[in-house]
Structures are given as structure tokens and as C-alpha cells.
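# dropping the sequence and predicted coords here.
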Amino acid sequence: MIDVSRKYIFDFDSTLTRVEALDILAELTLKDNPKKDEIIKEIQKMTNMGVDGEISFTESLERRIQLLQAHKDDLEPLVEELRQKISKSIESNREFFHTYSDDIYVISGGFKEFIDPIVKEFDIPSNKVYANTFKFDEDGYIIGFDEKNVLAAHNGKIECLKQLNLEGEVQVIGDGYSDYVMREAGIADKFFAYTENVHREKATSKADHIAPNLDEFLFVNDLPRKISYPKNRIKILLLENVHQAAVDNLSKDGFSVELLKTSLSEEELIERVKGIHVLGIRSKTQVTQKVLDAADKLLVVGAFCIGTTQIDLDACKKKGVVVFNAPYSNTRSVVELAIGEIIMLMRSVFARSMEIHSGQWNKTAAHSREVRGKKLGIVGYGNIGKQLSVLAEAIGMRVYYYDVSDKLAMGNAVKCNTLEELLNVSDVVTLHIDDNKANYNFIGEREIAQMKDGAMLINLSRGFVVNIPALVAALKSGKLAGAAVDVYPKEPGINGEFVTELKGLPNVILTPHVGGSTEEAQRDIADFVPHKIMDYINTGNTVDAVNFPNIRLPKQEKGHRFLHIHRNVPGIMAKINKVLASYEMNVSGQYLSTDNEVGYVIIDLDKKYNKEVMKALKKIENTIKFRVLY
Ligand SMILES: NC(=O)C1=CN([C@@H]2O[C@H](COP(=O)(O)OP(=O)(O)OC[C@H]3O[C@@H](n4cnc5c(N)ncnc54)[C@H](O)[C@@H]3O)[C@@H](O)[C@H]2O)C=CC1
Ligand SMILES: O=C(O)C(=O)COP(=O)(O)O
């Protein structure tokens, strides 16, 4: 694995550190200058032009130093600042620098005065650092740089590397075109464009390999690293226009994220899901057995909503794919819409509004009633149903509820023992049962007949719960005085044309499945679900998974963690432990959770282990998935 003859040339600014040191120096020296922002902008422009090779590097340096007005005494605070700004994955992979210090060099257009003290902490001694040096005047002000240094010249890195006369393969890791030139000149064998801090098109377009972080570089070279699999290699596909914050959260953690505005059909998803590790959807996208068969890398499905019956949960489980949802984020949004609709329907507000839109003034109290004292029947007394119960009572309604399971009544709500009892008594019936397929046609002709004459029906649950022709007939005959419908048996995957038999009926409020579509809810979901996903990928935690044994794991500080998902058959744990014993693994913790079908065991180990053990664990019969976290 270890190639002793390979040499690694690191750039400093924006590679080993997240910043350009001269920008930081400018921040320090110009802090009291009223033109500070303007000057810093100019310095940054000069940096970029120099790094991209648009002006000569020497010229870029000269101009920046003039603008800086820096003093010797500013260098110590600069180094202090830079210490806080080491690139994230450089910081986490100190072990690589320590182990390979003999083969690592820094070649930079920056200055030894601040590079040396920083890289020394990464076991790179001053004699392996090739960089410029400042010139000071008698009072200690920086007035220039040593012009004789090859690195002060344009494309000076080429000459510098040439003079080093290194043997063996030479790899360059840097963010700029000025690093690539060593490869172009044929003195370096490979150029890795380092994009963790800055993405420079001119460098990435030429690179042999793009490294979004050091983990990727170490992975490609099979070198010792902090994490087993670089996160940028974990591909996340988010559909249905989930909130941008979800993309930001996941990208910030290093994953490669793609967001599509629409849902995808089964065939499209089969095509797109290949190579995807995490799929994020809302209520439209169907994750079927066929989709799962095509999903060769899938670890997690995130439902960025409450309902999960669009996902074949059982097939996911059998494949070792963990599913998370957001059970509470949009609850309040649905409840508020329900309250609004109850009032709008009781007052015939939409009918009056339509009239006035078409130029008709119809001031009347007919079919306009207060909600105070009216009976609200809530079907499905879950998270939404219960919260609605509380708010409805607060505006003076008398609440009745019906649920298949026993539920504690909130406030003064009255429990109904049968659906019929609730339908008989309610002025408004609102549906909040779950998206279980057994609830198909839950409200049909018979149930509507059991409702009071002139009652109203609200459906904010799922479209298939209500038989639409029966509802249309009841509205046309006047049996029902109004309805609000947010969900439909067949909904389109993208915004555009839509036709329903409910179109044009009086006192019917139609909305395009927006019960949970508020800015607050979508923003909240965009934090909740990604954090569940990241927690599972990064640590193995399955707390709140909807289809999987739940395990809350302690933080793993050191060592390695094996995650083994298997069919729950007799004797499998014995086999796992036999393999661990035969490789003399020192197990520091073992956590197991099972259900009828699968078992999920997490094994924490101390530092060293024989890699063969992984193969042996994967080979155990009835293994579904196996992952290692370093
Ligand atoms: N329109 C929209 O944008 C949104 C719609 N929803 C829908 O609302 C549903 C309810 O959400 P939550 O309250 O969070 O779910 P929940 O699971 O907390 O509550 C559902 C309740 O319905 C009961 N239930 C199920 N089938 C029943 C039946 N046949 N008869 C009586 N009770 C029955 C369950 O026992 C449970 O108490 C979701 O499943 C989803 O389909 C949720 C969010 C947004
Ligand atoms: O949360 C749910 O179950 C919903 O129905 C909302 O779905 P959506 O995210 O709007 O596709």
C-alpha cells in the first residue's frame, strides 16, 4: 500500500488553509482604514488574477504588498488567525502528514514567515517549505519581497520543483492554475485540483483528479485517512423541490447533492437511482420494488414529509435501506389550513368571493354561519387531529373525534366509539387519518349518507381516502353544503394542468396538496430529515427510522465501527461473534436491535484490525449490508 518513492507537493493558501493569507493580513492591517473593504477587494482581485495566471504572479505580488501596508508585528497575529483557519479535512488528517512527513513538500507563492510556523505543526519542517520571503524597511514595514527567489517569478513553481530534483512519482495538490503549471511542464506526474475552499474552473478543468477534500485525495491514493469513504463520494438525489436548506445542510457536511424540482416516474427513477446512496422525496415519488432493485448503492430514503406509503417500506428493509420522515414539521401547517377552511366554508366566503370576482355584489347572510358552538368531527386523532382539536376548541367549536386506536381526549373533546356516531353529529367533518392503503375509499356514498344534511367535508389527508364521485354527487344534490379538498386520488408530479370532477362546484375549496407547504414547515423539514440522514451515514444511528430497528449509539471517539445489517435468522449473532473472535478483534462495544425480519448490529473496535475480517463478515450467510466507519 505504501509507495515510498511518491512525493506530495502541497500548495498553502486556500489548500492547507481555508483562506489566502494576504487577505487575512490585509484584514488585520487595514482594520482602521476607512477604505478597508475597497482595498481588500482589490487585493483579492490581484490574488485571483495571479493564481489564475491572468497577470504575472510577480506583478500580482507587488501590487498586493503595496496595498497591504503591513508591519513585522502584524505577522504574529496573522499566524494566530491562520491556525484557526486550517482546512477542515487537512486538520482531521494530521496522521497522514505525520506518517508521510519525509515525502511532503510545500511549494507556495506565499511567504515563509507565516507558512513555516503553520506547517511545522503538521510535521513539515522549514527546509521542506519553498516560498517567498518579505523585505522590511528599517522600521519593520513590509516593503517588498526577495526578487531573487524563483517563486517570486511568474510560473516560479516550475523552476522551484525542477531544482528540487525529486525522485519517484510527484503529485501536486493545489487550488490554482499556478499549481497545475508544474504538471503542464511535465515535472509533476499528477495534479489534484483541491476544491475544499475555492473552486477555480481554470484549475479543475485541467486536473487529473478533482479533490473536494483531503479525504478524496487520500482515498484515491489508498493512504491512511480519518474517514473510510470520502463523503463527496456519497451521492444524494433530492426530488420534488425540497427546501434549499436541505441541500445546504448536506453539502456542508461534504456530500455530493443534486436537487430536482419535480418528482420522477418509476422508469425515470430506475434510471436515476443507480449509484445514488441517499434519495430524498416528498409525497409524490413512488419508491417501488423495481426502483429498489435498480438502486445498487442506496443506504437511506428520506421522506421530506409525514406520509411514507409512497415508499415500499418492507422492500426497503429487506434491502437494508433505512427510511426516515419528518413526523411533526408540517403538522401545524395542516392544522392552520383546516381551521381557515372550516371558517371559510361555514361563511361561504369562497362563493361570495367568486361572485365579486365576476362583478356581482351579493350582500347576504344566507348560508353564512359562525363556527362558535358548531360541532367539528375529527377523524384520525393523531398529531394533526389532536392539535386541530385544541385550536378548534379555542375558537368555540365543540369537538368530537374518532380514531381506530385509543386516544386521550384533548380539552373537552368527546370521543366517538364509531365513525357513524361522529358522522351523525358533526357540522363539519375533517379527515386526518394516516396514509395507510387500508383507508382507500374510507368515505364513500354510505358514509356521506350518514352525515348531517348540509354538513361540510374537509380532506387534508390522502386523495384515495374519499370517493370523489360520491362527494361530487352529494355536493350537487345539496346533501353536503360544502367541501375543502387538498389531496386527490391522482396528483401530477409537476406543476401544470390539472382536472378534477370537483372543478366548478359551489362552496368547494380546492388546493393543490399544499397542506404542508408553508415556508416554516419546509424549512423545518430541511433541517430535520438531513440531520437524521447524516446521523445514520456518519454514525449508524437509526433513531426515528420508520422501517428499521431503532438504535441510539454512543459517540464513537476513537477506533472503528462496523455496521452489520442481516436477516434475523437463528444463530447469526453467534456467527458474527465467531468471526470477530477468530480475528482476535478487541470489541469495545456491541449494540444490537432486531425486529421480526432484520437485525442491526453495531460493533465498536479498538484501533487496529485485520482488513480480512471485513470480507469474512460480509460473507456470513444472510448478511444484507455491511459498512465500516473509521
Ligand atoms: N395535505 C398535506 O399536505 C398533508 C397531509 N398529511 C396527511 O395527514 C395524515 C395524518 O398525519 P398525522 O396526524 O401526522 O398522522 P398520525 O399517524 O399522527 O395520525 C393518524 C391517525 O389516524 C388514525 N387512523 C388511521 N386510520 C384510521 C381509520 N381508518 N379510522 C380512524 N382513525 C384512523 C391513526 O390511528 C392515527 O391516530 C398523514 O398520514 C398524511 O397522509 C400530512 C401532512 C401534510
Ligand atoms: O407530509 C405529508 O404527508 C404530506 O402530504 C405533504 O406532502 P408534500 O411534502 O407536500 O408532498
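Great, that's in hand. Numbers count the residues shown, from 1 in each chain. Ligands and ions are numbered 1, 2, ... in the order given.
# can you pull the contacts of residue 194?
By CB atoms under 8 Å, 6 or more residues apart in numbering, the residues touching residue 194 are 11, 14-15, 173-175, 211, 214, 217. In this view, the C-beta of every residue, glycine as well, is placed from N, C-alpha and C.
# if you could redo that for residue 550, that was the one I meant.
Per CB under 8 Å, 6+ apart, neighbours of residue 550: 542-544, 593.
# can you report how many residues lie near the nearest residue to residue 94 once chain neighbours are set aside?
The shortest distance from residue 94 to any non-neighbouring residue, by CB to CB, 6 or more residues apart in numbering, is to residue 122 (6.4 Å). Other residues near residue 122 come to 19 when the count uses other CB atoms under 10 Å.
# residue 97 is in contact with residue 122, correct?
Yes: counting by CB atoms under 8 Å, residue 122 does reach residue 97; the two are 4.1 Å apart.
# and the residue of the stretch 351-500 of the chain nearest ligand 1?
residue 382 (1.7 Å; CB to the nearest ligand atom).
# may I have the phi/psi pair for that residue?
When read as degrees, to the nearest 10, the backbone of residue 382 gives phi -90, psi -150.
# then residue 355?
According to degrees, to the nearest 10, residue 355 has phi -60, psi -50.
# wait, it sits on residue 362?
Yes: under the criterion of CB under 8 Å, residue 355 makes contact with residue 362 at 4.9 Å.
# what about the residue lying closest to residue 370 once chain neighbours are set aside, distance to ligand 1?
If the residues on either side of it in the chain are set aside, residue 370 comes closest to residue 346, at 7.1 Å by CB to CB, 6+ apart. To ligand 1, residue 346 is 20 Å away according to CB to the nearest ligand atom, to the nearest Å.
# I'd assumed residue 372 was in contact with residue 346.
No: Residue 346 is beyond contact range of residue 372, at 9.9 Å (criterion: CB under 8 Å).
# for the residue positioned nearest the centre of the chain, helix, strand, or coil?
For the chain, the residue nearest the mean C-alpha position is residue 250 (2.9 Å; CA atoms, centre = their mean). Here residue 250 is helix, with the state taken from DSSP: H, G, I helix; E, B strand; the rest coil.
# where does it land on pLDDT?
Residue 250 is assigned 97 on the pLDDT scale.
# what does the stretch 401-550 of the chain have sitting close to ligand 1?
402-405, 432-436, 439, 442, 460-462, 486-487, 513, 515-516 (CB under 6 Å from any ligand atom).
# can you select the buried ones from those residues in ChimeraX?
In ChimeraX, this line selects whichever of those come out buried by 16 or more other CB atoms under 10 Å:
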select :402,403,432,433,434,435,439,442,460,461,462,486,487,513,515,516
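# and the residues of the stretch 401-550 of the chain next to ligand 1 near ligand 2, which?
Answer for those near ligand 2 (CB under 6 Å from any ligand atom): 513, 516.
# strands - which of the residues of the stretch 401-550 of the chain next to ligand 1 land there?
residue 402 (DSSP state E).
# thinking again about what came up before, quick one: which of residue 346 and residue 372 has more around it?
Applying other CB under 10 Å to residue 346 and residue 372 shows that residue 346 carries more neighbours, namely 22 against 10.
# check contacts around that one.
Residue 346 neighbours (CB under 8 Å, 6+ apart): 368-371, 374, 427-428, 456.
# now do 7 Å
By CB atoms under 7 Å, 6 or more residues apart in numbering, residue 346 lies in contact with 369, 371, 374.
# now the closest residue to the last one other than its chain neighbours: how far from residue 397?
It refers to residue 374. Closest residue to residue 374 apart from its sequence neighbours, by CB to CB, 6+ apart: residue 427 at 4.3 Å. Look at residue 427 and residue 397: by CB to CB, to the nearest Å, they are 9 Å apart.
# what is in contact with those two at once?
Joint contacts of residue 427 and residue 397 (CB under 7 Å, 6+ apart) are residue 374.
# how close does the residue in the stretch 451-600 of the chain positioned nearest to ligand 2 sit to residue 341?
Nearest residue of the stretch 451-600 of the chain to ligand 2 (CB to the nearest ligand atom) works out as residue 516 at 3.7 Å. Residue 516 sits 14 Å away from residue 341, taking CB to CB as the criterion.
# try residue 541
Taking CB to CB, one finds residue 541 at 39 Å from residue 341.
# same deal with residue 505?
15 Å.
# do residue 266 as well
From residue 266 to residue 341 the distance is 33 Å (CB to CB).
# who has more neighbours, those two?
residue 341 (25 against 14).
# could I get the CA-only coordinates of the helix or strand residue 376 falls within as CSV?
Per DSSP states H and E, residue 376 falls inside strand 375-379. Extracted C-alpha coordinates of strand 375-379, given in CSV (Å, rounded to 0.1, in the frame of the first residue of the first chain):
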residue,chain,number,x,y,z
LYS,A,375,-69.7,20.5,16.1
LEU,A,376,-66.4,19.6,14.5
GLY,A,377,-65.9,15.9,13.8
ILE,A,378,-62.2,15.0,13.6
VAL,A,379,-61.5,11.6,12.0
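# circling back to that earlier point, who's more crowded, residue 355 and residue 362?
residue 355 (14 against 11).
# show me what contacts the more buried one?
Contacts of residue 355 (CB under 7 Å, 6+ apart): residue 362.
# make it 8 Å
Per CB under 8 Å, 6+ apart, neighbours of residue 355: 361-362.
# and if you look at residue 502?
Taking CB under 8 Å, 6+ apart as the test, what residue 502 contacts is 468, 471-472, 475, 483, 485, 508, 510.
# please narrow those residues to those residing in helices.
468, 471-472, 475 (DSSP state H).
# settle this for me: residue 482 is touching residue 471, isn't it.
No: applying CB under 8 Å as the test, residue 482 and residue 471 come out as separate, 11.0 Å apart.
# list residues touching both of those two?
residue 457.
# can you show me the helices along the stretch 1-150 of the chain?
Listed in chain order, the helices of the stretch 1-150 of the chain (DSSP state H, counting those that start in this stretch) span 21-29, 36-51, 57-68, 75-83, 88-91, 94-99, 112-120.
# next, the angle from the first one to helix 75-83.
By that I understand helix 21-29. 120 degrees (axes from the mean of the first three to the mean of the last three CA atoms, to 10 degrees).
# contacts for helix 21-29, please.
12-13, 36, 39-40, 43-44, 47, 64, 67-71, 74-75, 77-78, 81-82, 85, 110-111, 114-115.
# figure out how far it is from the centre of its chain.
Computed by CA atoms, centre = their mean, to the nearest Å, the chain-centroid distance of helix 21-29 equals 33 Å.
# list the buried residues in it.
21-26, 28-29.
# same list, these, but as TSV with distance to ligand 1 please.
Shown next, in TSV, are the buried residues of helix 21-29 (distance: CB to the nearest ligand atom, whole Å):
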residue	distance to ligand 1
21	51
22	52
23	47
24	48
25	53
26	51
28	52
29	55
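# closest one of the residues you listed to ligand 2?
residue 23 (42.3 Å).
# send the alpha carbons of the lengthiest helix in the chain over as PDB?
Longest helix in the chain, counting residues (DSSP H): helix 519-539. Taking Å, rounded to 0.1, in the frame of the first residue of the first chain, the C-alpha atoms of helix 519-539 are listed here in PDB:
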ATOM      1  CA  GLU A 519     -42.200  28.200   4.400                       C
ATOM      2  CA  GLU A 520     -41.900  27.300   8.100                       C
ATOM      3  CA  ALA A 521     -42.700  23.600   7.600                       C
ATOM      4  CA  GLN A 522     -40.500  23.200   4.600                       C
ATOM      5  CA  ARG A 523     -37.600  25.000   6.300                       C
ATOM      6  CA  ASP A 524     -38.000  22.800   9.400                       C
ATOM      7  CA  ILE A 525     -38.100  19.600   7.300                       C
ATOM      8  CA  ALA A 526     -35.000  20.700   5.600                       C
ATOM      9  CA  ASP A 527     -33.200  20.500   8.900                       C
ATOM     10  CA  PHE A 528     -34.900  17.600  10.500                       C
ATOM     11  CA  VAL A 529     -34.600  14.900   7.700                       C
ATOM     12  CA  PRO A 530     -31.000  15.800   6.600                       C
ATOM     13  CA  HIS A 531     -29.800  15.500  10.200                       C
ATOM     14  CA  LYS A 532     -31.400  12.100  10.500                       C
ATOM     15  CA  ILE A 533     -29.700  11.100   7.300                       C
ATOM     16  CA  MET A 534     -26.300  12.500   8.300                       C
ATOM     17  CA  ASP A 535     -26.500  10.900  11.700                       C
ATOM     18  CA  TYR A 536     -27.200   7.500  10.100                       C
ATOM     19  CA  ILE A 537     -24.500   7.800   7.500                       C
ATOM     20  CA  ASN A 538     -21.900   9.300   9.900                       C
ATOM     21  CA  THR A 539     -22.500   7.200  13.000                       C
END
